[in-house]
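**Student:** Sequence first, then the predicted structure, then my questions.
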Amino acid sequence: MLKTAAKTLLALLLSIAGPLTQAQEVLSPRLQIGIGILPAIIAANQRLANDDAQTLSIYLVYQNNRHRAEQLRPALEKIGKIRQRELVIESLSMMDLLAGNPVPSSAIFLVEPLGSELGDLLEFTEHKRVLLFSPFEGDVERGVATGFRVTDKVLPMVNMTALKQSNIQLKAFFLRVAVKHE
């Protein structure tokens, strides 16, 4: 009798709560931290000092989950400007990004982890000289230019080789506080 009541209660709770829909999807802490630290990393890009563009493009790149990219957009839109440049934020599939031609001095934020496809993106960002940021653990070690490490505090993390290959120079003060991967 008790087992039947428990099963009935569980079924009732599941029907009330229901599965999470895409609209209710909760962003992971790594995505939230990443979007928070991205503006500082972009601002540290010395190429922006030599670029007189009025806008700054940020591409939220996804493989399968456009909705997650769209969920991150408002956090960047609140910032409005980085180094006196209006932000132009665009959600793009990885396929569309690789087929396109990104704006110079732009940045790419990965909204979902990539498997073997990461190699194609690394090659693309190096060739196009675009700053690549991933909030996912292990991506900087795999060749992504920037990310972060969480220990007792959140620290920016940079792949020095990837930055050099992409011809991206970050400000010295930023590199002093960042965890460097060679």
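**Tutor:** Good, I have the coordinates. Numbers count the residues shown, from 1 in each chain.

**Student:** Quick one: mean pLDDT for whatever helix or strand Gly147 lives in?
**Tutor:** Applying DSSP states H and E as the criterion places Gly147 in strand 146-150. The average pLDDT for strand 146-150 rounds to 91.

**Student:** In the helix or strand that comes right after that strand, which residues are buried?
**Tutor:** Using DSSP H and E, the helix or strand that follows strand 146-150 towards the C-terminus is strand 154-159. Residues 156-159 are the ones in strand 154-159 that count as buried (16 or more other CB atoms under 10 Å). Every C-beta, even on glycine, is put in place using the N, C-alpha and C of the backbone.

**Student:** Kindly calculate the angle that the strand holding Gly147 makes with strand 154-159.
**Tutor:** 140 degrees (axes from the mean of the first three to the mean of the last three CA atoms, to 10 degrees).

**Student:** Output strand 146-150 in PDB with nothing but the alpha carbons.
**Tutor:** Listed next in PDB are the C-alpha coordinates belonging to strand 146-150 (Å, rounded to 0.1, in the frame of the first residue of the first chain):
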ATOM      1  CA  THR A 146      41.000  31.900 -24.000                       C
ATOM      2  CA  GLY A 147      38.800  30.500 -21.200                       C
ATOM      3  CA  PHE A 148      39.000  30.400 -17.400                       C
ATOM      4  CA  ARG A 149      40.000  28.200 -14.500                       C
ATOM      5  CA  VAL A 150      38.000  27.800 -11.300                       C
END
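
**Student:** coming back round to it: next, format the buried residues of strand 154-159 as TSV and append pLDDT and distance to Gly115.
**Tutor:** Output for the buried residues of strand 154-159, formatted as TSV (pLDDT from 0 to 100; distance: CB to CB, whole Å):
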residue	pLDDT	distance to Gly115
Pro156	89	24
Met157	88	20
Val158	91	23
Asn159	91	18
